[in-house]
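Engineer: missing the sequence, but the structure's below:
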């Protein structure tokens, strides 16, 4: 049996019950001897990703060291690396996850890493990739947001705003992708100096972002304070 490298310490109260069923299903590909260890590191990754991405990265890497052919663990490393500002590592891991899984779902993440590395042109090239058509609605919206950001990086604010104009922008959906799209639109409007319109769109975000995954409320308060 190959030696399993020791990863960071796992909290005593961690159980695999914290993992989503889809994750548990993927873990079946891991040899039973190591399945619990990989699963517990993934639980720790989930617990830490928002507050301590560096430690979350160490847990994700510990899981990936045991199960390097699992897209799930490579994605976790990519996510934690991205949150830690390690865009080179994130890019490599997302590309590996895409290759292992054969899924186009990683395209927006790969494009966003290119932005993080200061290469907006590459992000825009990925936004025009044929596989974007294979993405689900959330993935297509995410790619649109990344492409808009790339336009902003290039100083093309009008084009950035235009990129976000699509039928999903006026959807009644309360899904997270809808909040993110409207937020990006509001952000773009503010960057263009169109504060009154930005305010209206931030209000729309607040109305559907019940879990406050965006900082739309704070942005609105800042706008109102600057009046």
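Structural biologist: Looks like it arrived, so ask away. All values reported here derive from a predicted model rather than from experimental measurement.
Engineer: could you use CA atoms for every contact and neighbour count after this?
Structural biologist: Noted.
Engineer: in stretch 162-179, what's buried?
Structural biologist: 163-164, 168-169, 176-179 (16 or more other C-alpha atoms under 10 Å).
Engineer: show residues contacting it.
Structural biologist: With contacts defined as C-alpha atoms under 8 Å, 6 or more residues apart in numbering, stretch 162-179 is touched by 138, 141-142, 144-145, 147-148, 181-182, 184-185, 205, 208-209, 214.
Engineer: most widely separated two among those?
Structural biologist: 147 and 208 (23.3 Å; C-alpha to C-alpha).
Engineer: which of the two has more residues huddled nearby?
Structural biologist: residue 147 (29 against 17; other C-alpha atoms under 10 Å).
Engineer: hang on, the more buried one packs against residue 124?
Structural biologist: Yes - using C-alpha atoms under 8 Å, residue 147 is in contact with residue 124, at 5.6 Å.
Engineer: from the buried residues of stretch 162-179, which single one is nearest residue 44?
Structural biologist: residue 176 (23.6 Å).
Engineer: distance of the residue most central in space within the chain from residue 123?
Structural biologist: Computing the C-alpha centroid of the chain and ranking residues by C-alpha atoms, centre = their mean puts residue 109 first, at 6.3 Å. Residue 109 sits 10 Å away from residue 123, going by C-alpha to C-alpha, to the nearest Å.
Engineer: for this structure, what are the low-confidence residue spans?
Structural biologist: Residues of the chain meeting the criterion pLDDT under 70: 1-5, 227.
Engineer: just the helices from it, written as ranges.
Structural biologist: Shown for the chain, the helices assigned by DSSP state H span residues 21-27, 32-48, 53-66, 71-83, 87-101, 107-116, 120-127, 137-153, 157-163, 176-191, 195-208, 216-225.
Engineer: many thanks, have a good one.
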